[in-house]
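Colleague: Task: produce atomic coordinates for the following.
(2 chains)
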Amino acid sequence: MAAWSRGSVGVMQVEVIRSSRRRKTSSARLVGGVIEVRIPAWLSEDEESRTVAELVARLRRSHELAEGDADLDARARRLATRYQLPEPERVRWVGNQGRRWGSCTPATGEIRISSRLRRAPRYVLDYVLLHELTHLVEDGHGPAFHALEARYPARERATGFLDALGLGLAAERFRAD
Amino acid sequence: MPLEELPPAPGAVEPPPFADHDHPMRKVTRQVAFDGAWDRERARKVAALFDSKAADWTRDHDSPERLAPLEDALARSQLPAGVTLELGSGSGLGTRVLRARRGGPIVAVDLAAEMLRAAPAEYGWRVQADAASLPVAGGAVAVVVLVNALLFPAEVDRVLAPGGKVVWVNTIGEHTPIHLPADDVAAALPGSWEGVASRAGTGTWAVLGRA
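Modeller: Coordinates of the predicted model:
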C-alpha cells in the first residue's frame, strides 16, 4: 500500500511515495523528469520534509541535475553555428566521466561534459565542446577531424590546460573564467 | 637591465591579449623552475603524457610561424661554436632547425621515448634522459636550447661551458602552455645572466649568457 503526494523542490517536480512495506530506508530516483522519493509510511511530516530535502539534494549532486545544463546546451549550439557543425540533440554535465573530459554519441547526437570542467576557463570548456561537436561529423581523430578542430584558435592552450589537470600536477582550483 | 629587447622580426604576429596567469601548466613550469618541484612520479607522468602525444606532435606543431622564433634567435645572436644540447626536443622540429643552422654535434634530449622515436635520426643524437639530471659532463655544452620546455636551472648551468649561451623559445609566446618570460628564465638560472630577447612568427625568444 502506498500514499502519493506531489510537490516541487527548486525547479524539479518531486513525488513522495509513502510505503508501508518500507521500514527504515528512504530512497530517491529520477523517473521521467520527476524525482520519486520513497519513504516509510510511518514518517512524520517533519521527518518527511527533512528526508525529502536531503535525498533530493543528494540526487541533484550525483546526477548534476543542474540549471547549468541549459547554459551548456546553448553554449554548444552557438559553437556549432560558428564552426558550421551540426547542432547536438542534447548537451549536459555529467559527474561520472572518469578521466574523460567529454564524450559524444553521434547516433543520438548526445554530448556529455565532465562536471570537473564547470569551473574551467571558457576557452577550455569551448575547446572540449568543439571537440565533441566535431565528433558529430567525424568518428576518429584522423586528419579530417584534426583539420576541423584546428580551426579553434586557443587549442594548444586548452589542451595544455587539460593535460596539466589530467596529470594532477596542479590543484584543481581555477577562476570561473 | 639584464635583457635587451630587440625589435620584433619582420612578420612577427602581435599576440591576442593574454589573461590566463593561473593556467595550470604555467604553474607547473614555475614550480619546476623556481621550487625544484620534480620527482620520479612527476617525471613518470610527464613522460607518459608526451609519449601519448608523440604520434600527432609533428602534424600539430610543424609550421614556419612556430619555428620562426628559433630561426630568428639563431640568426640574430652570437652563439659560440661547440656542442648544441636541445632539452625537451620532442619530435625533432627544433632539432631540424638547429641542424640546418649550426655546425658541430647536436644532442637532442627528451624524457619521452616515443617522442624521440618520432624524431628523424639525421638531425642529431637522440638521448632519452630526465633534464633534471643530465648524462652530460659539466661545462661540456656550448649552447643549450629549450623550445617550450621545462627549465631545470641548476642542470642547465652545470652543463654549460664558460661563455656558453642558453636559447629559450616559446613558439606561441605567452600563449604557450609551458612558458616563462625571459626575465624569469634569467632569474631562475643560478647567478647573474644577461642577453637579448625578441619576437618572431607567433613566438618569443631569448638568448642568455652569464653576466
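Colleague: Let me see the ranges of the helices in the chain.
Modeller: I'll assume chain A. A:45-63, A:68-82, A:122-134, A:143-149, A:155-167 (DSSP state H).
Colleague: my bad, the chain I had in mind was chain B
Modeller: According to DSSP H, the helices that chain B contains are B:24-35, B:40-61, B:64-75, B:93-101, B:113-118, B:153-159, B:182-188.
Colleague: For residue B:84, which of those is the nearest?
Modeller: Closest to residue B:84 of the helices of chain B is helix B:93-101 (Cβ to Cβ; 5.6 Å). The C-beta positions use only the backbone N, C-alpha and C, and glycine is treated the same way.
Colleague: who's in contact with the one residue sitting closest to the centre of chain B?
Modeller: In chain B, the C-alpha closest to the average C-alpha coordinate belongs to residue B:146, at a distance of 1.2 Å (Cα atoms, centre = their mean). Residue B:146 is in contact with B:86, B:87, B:88, B:156, B:166, B:167, B:168, B:169, counting by Cβ atoms under 8 Å, 6 or more residues apart in numbering or on different chains.
Colleague: Ok, residue B:55 next?
Modeller: Contacts of residue B:55 (Cβ under 8 Å, 6+ apart): B:114, B:118.
Colleague: what's the pLDDT at it?
Modeller: Listed pLDDT for residue B:55 reads 92.
Colleague: ok, now residue B:14?
Modeller: At residue B:14, pLDDT is 80.
Colleague: where does it fall, phi/psi-wise?
Modeller: phi -70, psi 120 (degrees, to the nearest 10).
Colleague: State the distance from it to residue A:37.
Modeller: 58 Å (Cβ to Cβ, to the nearest Å).
Colleague: Which one of these two is surrounded by more residues?
Modeller: A direct count of neighbours by other Cβ atoms under 10 Å in any protein chain shown for residue B:14 and residue A:37 places residue A:37 higher, at 25 against 8.
Colleague: which ones are touching the residue in chain A that chain B sits nearest to?
Modeller: Chain B sits closest to residue A:160 of chain A, with a gap of 2.4 Å, by Cβ to the nearest Cβ. Contact partners of residue A:160, counting by Cβ under 8 Å, 6+ apart, are B:23, B:25, B:176, B:177, B:178.
Colleague: One more: residue A:159?
Modeller: A:127, B:177.
Colleague: For it, give me the pLDDT.
Modeller: 94.
Colleague: how close does it get to residue B:102?
Modeller: From residue A:159 over to residue B:102 (counting by Cβ to Cβ), the distance is 31 Å.
Colleague: Give me the neighbour count for residue A:34.
Modeller: 14.
Colleague: Kindly report the same for the one 10 residues further on.
Modeller: Residue A:44 sits with 8 neighbouring residues when counted by other Cβ under 10 Å.
Colleague: got it, and residue B:18?
Modeller: 12.
Colleague: ok, so what distance separates it from residue B:168?
Modeller: Residue B:18 is 18 Å from residue B:168, by Cβ to Cβ.
Colleague: do residue A:120 as well
Modeller: With Cβ to Cβ as the criterion, residue A:120 and residue B:168 are 28 Å apart.
Colleague: In terms of neighbours, single out the busier of these two.
Modeller: residue B:168 (28 against 25).
Colleague: The more buried one and residue B:184 touch, don't they?
Modeller: No - taking Cβ atoms under 8 Å as the definition, residue B:168 is not a contact partner of residue B:184, at 9.7 Å.
Colleague: Tell me the predicted confidence for the one residue sitting closest to the centre of chain A.
Modeller: When Cα atoms, centre = their mean is applied to chain A, the residue found nearest the centroid is residue A:93 (1.9 Å). pLDDT recorded at residue A:93 is 92.
Colleague: does it really touch residue A:115, like I thought?
Modeller: Yes - the pair residue A:93 / residue A:115 is scored as a contact, 4.7 Å apart, by Cβ under 8 Å.
Colleague: Just the contacts of residue B:146: which are in strands?
Modeller: B:86, B:87, B:166, B:167, B:168, B:169 (DSSP state E).
Colleague: and the residue lying closest to the fourth one once chain neighbours are set aside, how far is that from residue B:156?
Modeller: For residue B:167, the nearest residue in space outside its immediate sequence neighbours is residue B:145; the separation is 4.5 Å by Cβ to Cβ, 6 or more residues apart in numbering or on different chains. Counting by Cβ to Cβ, the gap from residue B:145 to residue B:156 is 10 Å.
Colleague: between the two, which one's more packed in?
Modeller: Counting neighbours by other Cβ under 10 Å for residue B:145 and for residue B:156 shows that residue B:145 has the greater number, 29 against 24.
Colleague: and that one, what is it in contact with?
Modeller: Taking Cβ under 8 Å, 6+ apart, one finds B:70, B:84, B:85, B:86, B:87, B:94, B:98, B:167, B:169 in contact with residue B:145.
Colleague: could you point out where the chain is predicted with low confidence?
Modeller: Going with chain A. A:1-12, A:61-67, A:169-177 (pLDDT under 70).
Colleague: Chain B was what I was after
Modeller: In chain B (pLDDT under 70), the answer is B:1, B:19.
Colleague: Can you name the residues of it sitting close to chain A?
Modeller: Counting by Cβ under 8 Å from any Cβ of the partner chain, chain B comes close to chain A at B:16, B:20, B:22-25, B:27-28, B:42, B:45-46, B:49, B:56, B:59-60, B:172, B:175-178.
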